[in-house]
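**Student:** Give me a model of this one.
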Amino acid sequence: MSVRALIAGTVIAGAVLASIVAIALSPGQPTETASATQKPTASTSPSPTSTPAPAPVVVQGVKVDPLGDVRGEYVFATRDVPGDGPPTSELWAIPLSDGTRAQAVVRYRGHTMPWLAGKISPDGRRFAVPADRGDGVTRILIVSLIDGALAWLKTDDTKDSDTQPVWDPSGKQIAFVRAGAANQWSLWAVSADGSALRRITDPVALPMYLHTWTADGGAIAFYQGIGYDVISLANGARSHASDLISADASWRAASPALLATVSTSINFGSRYQVVLAAAPDGPRTVIAETAAPGLSLGGPRWRPGRDEFLYSFGDAATSTHELRVRSLSGAERRFAFDGGSPAWTTDGSAIVYLRGETAPFPGEGGSTQQALVLAEIRVIGADGGGDRTLYRTPAPAGALPPNWCVCNDALAVRKL
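**Tutor:** So this is what the prediction gives:
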């Protein structure tokens, strides 16, 4: 069984686990402090006093080791923390120029996160994470990765849980999913300062999984059941396609905007296509496809600033796995690849990815067994050259190295 198959088989489970991790509440408005000291006078009126600064927000199970005022390009990833007790994970930040300076920035209650790019603000300075506000209701916690400050995203004081936060491209809005009474799910959005809270979709008794904003910030992509949906914030118009693989898509500002994977049945198997479109239900152009059952492709991602994209290819019969970079003109570069979650650096000069491998671990009766793991983050040039290890999770003696998230879009890259 290939690592690619392992990843594909666990994507849905990873997404469901992440989606039911809950979120947080909002604090009251901060009060302003006096900015100047008045000189004493003969007046009998009491002198003005400064209002104490709000107490720092403390959240059980959340620990931050801030980055400080750093500069440069960073790769972010989440991994589970081994041990007993409630599920706990960490957000790691790894300088692209020097993996030895990798550090766990945030430890939080919950599981690793798929579609991590949506949880990291566009400027790389804030992390939106679900957390229990202290009464069993979960809301969205905003963590400063620079100074470690915590703040609840201001929404409203209900008993419903908010989850799956996703920053918009400007960093000024956050979309999220609300799980209400009777298992009713709905899509909401709010400004990062807590203003302009609004419900985008009506509650439906069907789990919802939030993917991303469109690149222009005018619509939100998600899936609910089979397929893929995009809804406009301006007028509520909704575009749906049942044959697009849920959230296996990428958006950009230029036209065509949408790059997505389509799956159809052929000869008792599946055929996969990478398509270009303006919207899920709009006209499509097929840019890559498989010719026979047993072949697969997926994970298309636009290259920043170029009419190129990456995608992965697999052939089960020959155990071939490739990462491919293709232009809209049809030219293509291919290089061997067995891993997951490829993501472009911010300038499109390189690709970061999780390398798949087998690792030994003790079995019964003194035997040694092999396990598939995703413990190493690597970087490869857009031309396929310069493949190198960026960071590898260390393994305790006799134990497997902890996995990075086995999920869709486990890596995010930001320039601070």
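**Student:** contacts, neighbours, all on C-alpha from now
**Tutor:** Will do.
**Student:** buried set for stretch 252-266?
**Tutor:** 252, 256-263 (16 or more other C-alpha atoms under 10 Å).
**Student:** quick check: mean pLDDT across it?
**Tutor:** Stretch 252-266 shows a mean pLDDT of 92.
**Student:** likewise stretch 185-204?
**Tutor:** Stretch 185-204 comes out at a mean pLDDT of 97.
**Student:** Equivalent analysis for stretch 52-63, please.
**Tutor:** 87.
**Student:** any chance of the buried residues of stretch 252-266 in TSV, plus distance to Lys63 and secondary structure?
**Tutor:** TSV is the format used below for the buried residues of stretch 252-266 (distance: C-alpha to C-alpha, whole Å; DSSP: H, G, I helix; E, B strand; the rest coil):
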residue	distance to Lys63	secondary structure
Arg252	35	coil
Pro256	42	coil
Ala257	39	coil
Leu258	38	strand
Leu259	37	strand
Ala260	37	strand
Thr261	38	strand
Val262	41	strand
Ser263	42	strand
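**Student:** Adding distance to Ala395, write the residues you listed out as TSV.
**Tutor:** Listed next are those as TSV, based on distance: C-alpha to C-alpha, whole Å:
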residue	distance to Ala395
Arg252	38
Pro256	44
Ala257	42
Leu258	40
Leu259	38
Ala260	36
Thr261	36
Val262	38
Ser263	38
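**Student:** just curious, which of those is nearest to Ala397?
**Tutor:** The shortest approach to Ala397 among these belongs to Thr261, at 41.2 Å (C-alpha to C-alpha).
**Student:** partner residues bridging the closest residue to that closest one other than its chain neighbours?
**Tutor:** The spatially closest residue to Thr261, leaving aside those adjacent along the chain, is Val274, at 4.6 Å (C-alpha to C-alpha, 6 or more residues apart in numbering). Val274 has these beta-bridge partners by DSSP bridges: Thr261, Ala288.
**Student:** OK, contacts around Val274?
**Tutor:** 259-262, 286-289, 297-298, 300 (C-alpha atoms under 8 Å, 6 or more residues apart in numbering).
**Student:** ok, so of those residues, who is nearest Val59?
**Tutor:** Of these, the one sitting nearest to Val59 (C-alpha to C-alpha) turns out to be Pro300, at 37.3 Å.
**Student:** Apart from its neighbours in sequence, what residue is nearest that closest one?
**Tutor:** Tyr311 (4.3 Å).
**Student:** and of the contacts of Val274, the nearest to Asp202?
**Tutor:** Ala260 (26.2 Å).
**Student:** which non-adjacent residue is nearest that closest one?
**Tutor:** That would be Ala249: by C-alpha to C-alpha, 6+ apart, it lies 4.1 Å from Ala260.
**Student:** Who does whatever helix or strand Gln164 lives in pair with, and is each partner parallel or antiparallel?
**Tutor:** Counting by DSSP states H and E, the element that carries Gln164 is strand 161-167. Within its sheet, and counting by DSSP bridges, strand 161-167 is paired with strand 173-179 (antiparallel).
**Student:** and the strand it pairs with, average pLDDT?
**Tutor:** Mean predicted lDDT for strand 173-179 stands at 97.
**Student:** swap in stretch 313-331?
**Tutor:** 94.
**Student:** and the residue nearest to Ala181 when sequence neighbours are not counted, what is it in contact with?
**Tutor:** Closest residue in space to Ala181, ignoring its immediate chain neighbours: Asp160 at 7.1 Å, by C-alpha to C-alpha, 6+ apart. With contacts defined as C-alpha under 8 Å, 6+ apart, the neighbours of Asp160 are 137-138, 178-181.
**Student:** Ramachandran coordinates for the residue most central in space within the chain?
**Tutor:** Closest to where the C-alpha atoms of the chain average out (C-alpha atoms, centre = their mean) is Leu116, at 1.5 Å. Per-residue torsions, Leu116: phi -60, psi -30 (degrees, to the nearest 10).
**Student:** so how far is Gln273 from the residue nearest to Ala260?
**Tutor:** Here the criterion is C-alpha to C-alpha, to the nearest Å. By it, Ala249 lies 12 Å from Gln273.
**Student:** what about those two, which has more around it?
**Tutor:** Set Ala249 next to Gln273 and count neighbours by other C-alpha atoms under 10 Å: Ala249 wins out with 25 against 22.
**Student:** my read is that one is in a helix, agree?
**Tutor:** No: counting by DSSP: H, G, I helix; E, B strand; the rest coil, Ala249 falls outside a helix, being strand.
**Student:** and it, what does it touch?
**Tutor:** Residues in contact with Ala249 (C-alpha under 8 Å, 6+ apart) are 258-261, 299-301.
**Student:** Run through the bridge partners of Ser265.
**Tutor:** Ser270.
**Student:** is it true that it touches Thr290?
**Tutor:** No: in terms of C-alpha atoms under 8 Å, Ser265 does not count as a neighbour of Thr290; the distance is 11.8 Å.
**Student:** joint contacts of those two?
**Tutor:** What both Ser265 and Thr290 touch, as defined by C-alpha under 8 Å, 6+ apart, is the set Arg271.
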